[in-house]
Every structure is written in structure tokens, then in C-alpha cells.
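> Need coordinates for the below:
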Amino acid sequence: DSITNMADANILDVADKVALQVTGMVTLVIWLKMIVTGSIQGNWRFKANIRAPEDAVWGQHNEGVALKFSRTAAEATDPSIGTALERAERWTRIVANDLENIPVGLVAAWASALLTKSGNLNLHLAGVIMLGVGRLGHTYCYAYQLGRPITASYAIGVVGTLLMLVQILLAVF
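Below you'll find the predicted structure:
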């Protein structure tokens, strides 16, 4: 069922409405998760005094300790700085993992959603939901040092992305 006149084209000619709705909701949840994650990371970086020196204007650092981009545990004479350094590093790793996985996951999600009329809606929905659950789970498990569940959550997100990539291939071939 090809579209002969692009002026008459509608997104619902190629994409299932439910696929668009679910993909939109998962995108919103992941975006909100990233805002919260970045805010938590920034808070711990302030507490550890590992912000850019110009951030001192915000007054949220430990007075008497110069702001630096990084600090070693040995430099942390105040025990609270040592704890803050550890938490800041943990949240920095969460953000880095998000930046490695979320962009390709969302590109796959939207490409897959836009091809659901010629592909497999259930495969797309399973993939996009797995991506969302996996990314939320990874952040939670990493933040609370839950070991194996970190890997399981990561794998759920990766498998979800893979399912959507397979859905794209099924739709175009």
C-alpha cells in the first residue's frame, strides 16, 4: 500500500498510533530520567568540589576548598569530600553509560515506530518497553550498587534496542 501523492501522506499511513504513543511516552520518561540523573550528578560534583572554578559563584561548594575539575581521594581531607567524590564518580559513570546507549536506542525506537505498519508492532512495543525499563533499571541498580542487576538491566535495554533494529529490517525487506 504505497503512498502515491506525498501531499496526502499522513504519519499514520506508515506508523501505528499505539507505537507512536508508547514510543513518545518512553522517550519522555527517558528524558526525565536523564534530567534527574544529571541533576544528581551535578549535586554530588558540587559537594565534592569538582566543578569548574567559575561555578564558585553558585556558592554550593565547601568553603575554603578550591574548586577543581577533578580531585583525588588523597586530596580530600574532609571525610564528607571523600564520600562525595565516590558518589560523584558513580553518577558520572551512570551519565556516561546513558550517553553511550540512549541515543542509538531512541533513534532505533523512532525509526522502528515509523515503520510499524509494514513491520511487526509487537516486536516494536516489546523493544521500546525493554529499552525504557532497562535504562531506568540500570540507573537505579548502579546508583544503589546492586551488582548483577546492573548487568541484567543493561542487557534488557540492549536487547530491546536489538529487537527494534530487527523490526526495522523486517519492515524494509
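
> Tell me which residues are up against whichever helix or strand Q167 is part of.
Counting by DSSP states H and E, the element that carries Q167 is helix 148-172. Contacts of helix 148-172 with the rest of the structure, by Cβ atoms under 8 Å, 6 or more residues apart in numbering, involve 97, 101, 104-105, 108-109, 111-112, 115-116, 118-120, 123-124, 126-138, 140-142. For glycine as for every other residue, the C-beta is placed from the backbone atoms N, C-alpha and C.

> ok, and for the helix or strand of the chain with the lowest mean pLDDT, which residues are buried?
Every helix and strand of the chain was ranked by mean pLDDT, DSSP states H and E. The lowest is helix 79-113, at a mean of 93. Taking 16 or more other Cβ atoms under 10 Å as the neighbour-count basis, helix 79-113 is seen to contain the buried residues 81-82, 84-85, 87-91, 94-95, 97-98, 101-102, 105-106, 108-113.

> follow-up on the earlier one: quick one, which of the contacts of helix 148-172 are buried?
In terms of neighbour count (16+ other Cβ under 10 Å), the buried residues within the contacts of helix 148-172 are 97, 101, 105, 108-109, 111-112, 115-116, 119-120, 123-124, 126-138, 141-142.

> on that earlier part again, now the angle from the helix holding Q167 to helix 79-113?
The directions of helix 148-172 and helix 79-113 differ by 20 degrees, with axes from the mean of the first three to the mean of the last three Cα atoms, to 10 degrees as the criterion.
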